[in-house]
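*Asks:* need a structure here:
(one chain, ligands or ions: 1)
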Amino acid sequence: LAIASLDQVDPKDIWQKDKDHFVHPWTHFDSFKKDGSLVMGRAEGAYVYDLSGKRYLDGIGGLWCVNIGYGRREIAEAISAQALRMAFYNPFVDTTNVPAAELAAKLASLAPGDLNKVFFTCGGSTANDTAVRIAHYYHAKRGKKSKKQIISRIDAYHGSTYLTGSITGRPADRSPYLHFVDDLVHHVSSPNFYRAHEVLPNGVGKGMTEEQFCDYLIEELEAKILEVGPDNIAVFFAEPVMGAGGVIVPPKGYHKRSLEVCHRHDILYVSDEVVTAFGRLGHFFASEAVFGIVPDMIVTAKGLTSGYQPLGAVIFSDRVYEAMSAEDPDGWFTNGYTYSGHPVACAAGLANIALMEREDLNGHVQKMGPYLEQQLNTLLELPIVGNVRGHKFMMCVENVMDKTTREHFPDAVNIGKRISDHCEKLGLIVRPLGALNVISPPLTLSKEEVDELVSLLRQGIEATMADLKAEGHYKG
Ligand code: PLP
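*Replies:* As a prediction, the model looks like this:
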């Protein structure tokens, strides 16, 4: 049943099969049963085409991941060559393969400090899951067996395995029909300064300066550590810039100071760079280059292969590895996946990094990122755009009913979705997240494509404002 050409595909038939059989991530059953999904057929550069042939500028890079853009022949050729040479061989202890060894060495050379050890996984969730097991193993091997608890943050997104679904702290992801491992995971406040008045308890964030807000967050983290007990805590998780939680850039100095608090209490610091690595912020990794920290582990996925193959990795320090691997007849690290170090995925990763280096995509993002930021900031002229935030190619627009009070639209308005629906009609994909629209396009965007993106988003917001006025939701 291999599909040789889209000409052989009946769009209605595919739409129906999808609706009848493919249960998607984050399905909202009522709307899925009613509307199904938009079937995408092909993609080129920064554009994706649905089965009717309609073209969209992909403002979200697939899902924060197609960093080098679509249709890059050399990645397809690297994948094909490796699949023919050797599609798979198992990575369990005694055997390995060429692309996995090469990619591990390459990642060690690109990662900061002494982060020279790489554990490959199937994606970001399994990488964060593995990071917990590394932390547990590391502490227990040093005789600190009680250090098991995990600290994360409200609004964080760290994945969707049983455990990473609990490390995740986005309130919207807490389905009342699922179970969460709350006896293992503790959440501190979101570093969302624009919403400081809401995210801190009892409204204490109201009127705070950014410095005061940062002081509060650091004190809160330390208080949480003391409450749970430093001897019970293994690891702290933080995205350098929170992604799915609302593109939240923390206050200045936040990461440095939280790393210092963690290390003072012998807690490992995991920087979840599933989104922020591989050029999205203009560097292979953002932890040190943008935020001045060398964490104990960096977790990555997505841009590692630009989405051409599923692959994740935990890159961790020599210091952690040395403690884990100290001589011990019982020293089995019983963690891993059939597809850890999958040769075809690693070949895609190597080709992706080679392309990024040859085309200097980090340099491109360092130039084009500020332009994207500046152009998106022009949307603040619109009466419902309350905040434009993010960094370089990781941005979002927050829509509000009242810019002065930052009052939200009622949930029923579904403002982000309405805007993204209008954008979709206009030929732009932007992801709705509650009141937000997220922008995380391929890093290859030209100046003209940035202009097109911002112009279509402006039209989408204006069209939504007109609808809301007509419906009486918004006076404007
Ligand atoms: N961590 C972060 C910061 C993410 O944004 C994501 C996915 O969006 C994940 C982890 C989970 O990665 P995956 O979906 O590949 O399992």
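*Asks:* tell me the mean pLDDT over stretch 400-417?
*Replies:* Taken as a whole, stretch 400-417 has a mean pLDDT of 95.
*Asks:* List the contacts of it.
*Replies:* Here stretch 400-417 makes contact (Cβ atoms under 8 Å, 6 or more residues apart in numbering) with 194-195, 197, 383-387, 399, 432-437, 464, 468, 473-474. Quick note: C-beta positions are derived from backbone N, CA and C, even for glycine.
*Asks:* Tell me the buried residues in it?
*Replies:* For stretch 400-417, burial by neighbour count (16 or more other Cβ atoms under 10 Å) applies to Val400, Met401, His408, Phe409, Val413, Ile415, Gly416, Lys417.
*Asks:* Tell me which helix or strand comes right after the strand or helix carrying Leu217.
*Replies:* Here Leu217, judged by DSSP states H and E, is contained in helix 210-228. Going down the chain from helix 210-228, the next helix or strand is strand 233-238, by DSSP H and E.
*Asks:* Hey, what's the angle from that following strand to helix 210-228? Just curious.
*Replies:* 150 degrees (axes from the mean of the first three to the mean of the last three Cα atoms, to 10 degrees).
*Asks:* to the chain's geometric centre, what's the distance from strand 233-238?
*Replies:* Computed by Cα atoms, centre = their mean, to the nearest Å, the chain-centroid distance of strand 233-238 equals 18 Å.
*Asks:* now the helix or strand following that strand and strand 233-238, what's the angle there?
*Replies:* The helix or strand immediately downstream of strand 233-238 is helix 254-264, counting by DSSP H and E. Counting by the same axes, to 10 degrees, helix 254-264 lies at 170 degrees to strand 233-238.
*Asks:* What parts of the chain come near the ligand?
*Replies:* Those residues of the chain that sit near the ligand, judged by Cβ under 6 Å from any ligand atom, are 123-125, 128, 157-159, 239, 243-244, 272, 274-275, 301, 312.
*Asks:* Provide the backbone phi and psi angles at Lys417.
*Replies:* Dihedral pair for Lys417: phi -70, psi -40, per degrees, to the nearest 10.
*Asks:* hey, where'd the helices end up in the stretch 51-200 of the chain?
*Replies:* Here the stretch 51-200 of the chain has its helices, by DSSP state H, counting those that start in this stretch, at 61-64, 73-86, 98-110, 124-141, 164-167, 196-199.
*Asks:* So what touches the fifth one?
*Replies:* What that stands for is helix 164-167. Contacts of helix 164-167 with the rest of the structure, by Cβ under 8 Å, 6+ apart, involve 125, 128-129, 132, 150, 152, 156, 158-159, 173, 178, 180-182, 184-185, 237.
*Asks:* what about the helices in the stretch 251-400 of the chain?
*Replies:* Counting by DSSP H, counting those that start in this stretch, one finds helices in the stretch 251-400 of the chain at the ranges 254-264, 286-291, 318-324, 343-358, 361-377.
*Asks:* hey, C-alpha coordinates of the third one in PDB?
*Replies:* What follows is helix 318-324, C-alpha atoms only, in PDB (Å, rounded to 0.1, in the frame of the first residue of the first chain):
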ATOM      1  CA  ASP A 318      31.500  13.700  32.500                       C
ATOM      2  CA  ARG A 319      31.200  14.300  36.200                       C
ATOM      3  CA  VAL A 320      27.700  12.600  36.300                       C
ATOM      4  CA  TYR A 321      29.000   9.800  34.000                       C
ATOM      5  CA  GLU A 322      32.000   9.100  36.200                       C
ATOM      6  CA  ALA A 323      29.900   8.700  39.300                       C
ATOM      7  CA  MET A 324      27.400   6.500  37.500                       C
END
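*Asks:* and that helix, which residues are buried?
*Replies:* By 16+ other Cβ under 10 Å, the buried positions in helix 318-324 come out as Val320, Tyr321, Met324.
*Asks:* Can you report how many residues neighbour the nearest residue to Leu178 once chain neighbours are set aside?
*Replies:* Once flanking residues are discounted, Leu178 sits nearest to Gly165: 7.2 Å by Cβ to Cβ, 6 or more residues apart in numbering. With neighbours defined by other Cβ atoms under 10 Å, the count for Gly165 comes to 21.
*Asks:* Tell me the spacing between Gly165 and the ligand.
*Replies:* Per Cβ to the nearest ligand atom, to the nearest Å, Gly165 is found 10 Å from the ligand.
*Asks:* remind me, longest helix of this protein?
*Replies:* Of all the elements of type helix in the chain, the one with the most residues (DSSP state H) is helix 447-471.
*Asks:* buried ones in that one?
*Replies:* Buried residues in helix 447-471, counting neighbours by 16+ other Cβ under 10 Å, are found at 449-450, 452-454, 456-461, 463-465, 467-468.
*Asks:* residues contacting whichever residue of the stretch 351-476 of the chain sits closest to the ligand?
*Replies:* In the stretch 351-476 of the chain, the residue found nearest to the ligand is Ser440; the distance is 9.9 Å by Cβ to the nearest ligand atom. The contact partners of Ser440, taken as Cβ under 8 Å, 6+ apart, are Gly59, Ile60, Gly61, Trp64, Gly243, Val275, Arg280, Phe393, Met394, Met395, Arg431.
*Asks:* Just the ones in strands from those, please.
*Replies:* In strands, judged by DSSP state E, the following of the contacts of Ser440 are found: Met394, Met395, Arg431.
*Asks:* Of those residues - the most surrounded one?
*Replies:* Of the ones in strands among the contacts of Ser440, Met394 is surrounded by the most neighbours, 27 neighbours in total, counting by other Cβ under 10 Å.
*Asks:* which strand residues sit across from it in the sheet?
*Replies:* His391 (DSSP bridges).
*Asks:* Test my guess that it contacts Glu239.
*Replies:* No - using Cβ atoms under 8 Å, Met394 is not in contact with Glu239, being 10.2 Å away.
*Asks:* okay, and the common contacts of the two?
*Replies:* By Cβ under 8 Å, 6+ apart, the residues touching both Met394 and Glu239 are Val275, Thr276.
*Asks:* ok, the buried residues of helix 318-324 vs Asn97, which is closest?
*Replies:* Nearest to Asn97 among the buried residues of helix 318-324: Tyr321, at 20.8 Å, using Cβ to Cβ.
*Asks:* quick one: the closest one and Lys117 touch, right?
*Replies:* Yes - judged on Cβ under 8 Å, Tyr321 makes contact with Lys117 at a distance of 4.4 Å.
*Asks:* quick revisit: just the buried ones from the contacts of stretch 400-417?
*Replies:* Buried among those (16+ other Cβ under 10 Å): 194-195, 384-387, 399, 432-437, 464, 468, 473-474.
*Asks:* about what we covered before: can you tell me what sits against the longest helix of the chain?
*Replies:* Helix 447-471 is contacted by residues 46, 57, 59, 368, 371-372, 375-376, 378-379, 382-385, 397, 399, 409, 413, 415, 418-420, 422-423, 426-428, 430, 437, 439, 441, 445, 474-476 when judged by Cβ under 8 Å, 6+ apart.
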